[in-house]
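1. One predicted model, sequence on top.
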Amino acid sequence: MKRIFSGIQPTGNLHLGNYLGAIRNWVRLQDEYECIYSVVDMHAITVWQDPQGLAASTRETAAAVIAAGVDPEKNVLFVQSHVPGHAQLAWVLNCVARLGWLNRMTQFKEKAGKHRENASVGLFAYPNLMAADILLYKATHVPVGDDQKQHLELARDIAQKFNNDFGVELFPIVEPLILGPATRVMSLRDGGNKMSKSDPSDYSRLNLTDDADTIALKIRKARTDPEPLPSTLEELTGRPEATNLLNIYAALADSSIDDTCAKFAGWSFSDFKSELADLAVSSLSPIFDEVRRLRGDPAYVDGVLRMGAERAERIAQPILKEIYQAVGFLDA
Ligand code: AMP
Ligand code: TRP
């Protein structure tokens, strides 16, 4: 049986980058796999989070996942902190993983920067919690982007060491699910910067709460250069804004960047932008409208998450019991 686990950190002010880079992938996997999806609030607190903001972002991220088309009946969608097994297993795995393994994690080095001594212990141990997320459900496949590959390899090492140390075949070997190059969406005002919630200009991003008129307006106002569109990918070198808009078109149309270049070769930006605006409005507004609707119905979202947590708990409970027995904890 193939079982997927994936997690997304809660963020407020979700934008097109979050949708195309992360959330959309989840929608696509649900037809093929049994999927368990979590908004990982416990991961988020490895760096400081404003408590009120965290709760709101957690709900908003869940709403975006639902609005994007993840069916919460067919899949399991829940908030990490609602299922205590994640923290319980993470502790056991803290005692399995070696300090030397975690010391090699490049993301910690990047995030901690020069102030390593000031980073939280949680930020250092974060990959163990991620391994726990996956192993608590004996997930077999995990969709990963480039930045998470190393953490997934670590999860495999931890699973293997656990099996060896305790002489069990408890954890399956987790396979990464490489989903092709993730769409990296850049700012609409500056093709050299990632689209980000922290950009002061609202025109730099499409928010998942923008209405159709706003989507079209932002695309019309997106920065461009004076040349017409080229016919090949190579000719896009040094034209970050053109590259970004063509990438967004390709992602929304589900086509390749090569085909998209060929389709618009020689077009002026104004004609291309009007095509892009039409496509963006038709493909994104139903989702964005639903995000706004769900924002106004927190009771529904909370209900979905409660049901998800119950279902996650039912899967996790017997596995955690098996783990505790393997470790030698006295039966409660
Ligand atoms: P963040 O809001 O930066 O914590 O990101 C949440 C998720 O959205 C992560 O999986 C990111 O990889 C993804 N993401 C954020 N910004 C972008 C972007 N501009 N392009 C593609 N993916 C993004
Ligand atoms: N660490 C991932 C990120 O920052 C999120 C995550 C937490 C995750 N647990 C996971 C992803 C388990 C896949 C599987 O994006």
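-> Now that the structure is in, tell me what you want to look at. Ligands and ions are numbered 1, 2, ... in the order given.

2. hey, let's count contacts and neighbours off CA atoms from now on
-> Fine.

3. Buried residues, the worst-scoring helix or strand of the chain on mean pLDDT. List them.
-> For the chain, the helix or strand with the lowest mean confidence is strand 175-178, at a mean of 88 (criterion: mean pLDDT, DSSP states H and E). Using 16 or more other Cα atoms under 10 Å as the test for burial, strand 175-178 gives Glu175, Pro176.

4. ok, that strand: who's next to it in the sheet?
-> Using DSSP bridges, strand 175-178 pairs in its sheet with strand 141-144 (parallel).

5. Could I get the average pLDDT for the partner strand?
-> Mean per-residue pLDDT for strand 141-144: 92.

6. before we move on, the earlier item: distance from the chain centre to the least confident helix or strand of the chain, please.
-> In terms of Cα atoms, centre = their mean, to the nearest Å, the centre of strand 175-178 is set 14 Å apart from its chain centre.

7. So which other helices or strands are in contact with the following helix or strand past that strand?
-> From strand 175-178 onward toward the C-terminus, using DSSP states H and E, the following helix or strand is helix 212-220. In terms of contacts (3 or more Cα pairs under 8 Å, 6 or more residues apart in numbering; DSSP states H and E), helix 212-220 is packed against helix 269-295.

8. what's the helix it packs on packed up against?
-> Helix 269-295 packs on helix 51-68, helix 212-220, helix 240-253, going by 3+ Cα pairs under 8 Å, 6+ apart.

9. closest to Arg184 out of the ones you listed?
-> Among the helices and strands packed on helix 269-295, the nearest to Arg184 by Cα to Cα is helix 240-253 (8.4 Å).

10. angle of the closest one against helix 269-295?
-> Using axes from the mean of the first three to the mean of the last three Cα atoms, to 10 degrees, the direction of helix 240-253 lies 60 degrees away from that of helix 269-295.

11. Show me what the closest residue to Val76 other than its chain neighbours bridges to in the sheet.
-> Of all residues not flanking Val76 in the chain, Ile36 sits nearest, at 4.7 Å (Cα to Cα, 6 or more residues apart in numbering). Beta bridges link Ile36 to Phe5, Val76 when assigned by DSSP bridges.

12. Ok, which of the helices and strands packed on helix 269-295 comes nearest ligand 2?
-> helix 51-68 (12.8 Å; Cα to the nearest ligand atom).

13. And the closest one, what's buried?
-> Judged by neighbour count (16+ other Cα under 10 Å), helix 51-68 contains these buried residues: 54, 57-68.

14. Output these as a markdown table; include the columns pLDDT and distance to ligand 2.
-> Formatted as a markdown table, the buried residues of helix 51-68 follow (pLDDT from 0 to 100; distance: Cα to the nearest ligand atom, whole Å):
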| residue | pLDDT | distance to ligand 2 |
| --- | --- | --- |
| Leu54 | 98 | 15 |
| Ser57 | 96 | 15 |
| Thr58 | 98 | 13 |
| Arg59 | 97 | 16 |
| Glu60 | 96 | 16 |
| Thr61 | 97 | 13 |
| Ala62 | 98 | 14 |
| Ala63 | 97 | 17 |
| Ala64 | 97 | 16 |
| Val65 | 97 | 14 |
| Ile66 | 98 | 18 |
| Ala67 | 98 | 19 |
| Ala68 | 97 | 18 |
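
15. a markdown table please, covering those residues and showing distance to Met307.
-> Conversion of the buried residues of helix 51-68 to a markdown table gives the following (distance: Cα to Cα, whole Å):
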| residue | distance to Met307 |
| --- | --- |
| Leu54 | 20 |
| Ser57 | 19 |
| Thr58 | 16 |
| Arg59 | 14 |
| Glu60 | 17 |
| Thr61 | 17 |
| Ala62 | 13 |
| Ala63 | 14 |
| Ala64 | 17 |
| Val65 | 15 |
| Ile66 | 14 |
| Ala67 | 17 |
| Ala68 | 19 |
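
16. Write out the residues of this structure neighbouring ligand 1.
-> 9, 11, 17-18, 21-22, 183-186, 194-196 (Cα under 6 Å from any ligand atom).
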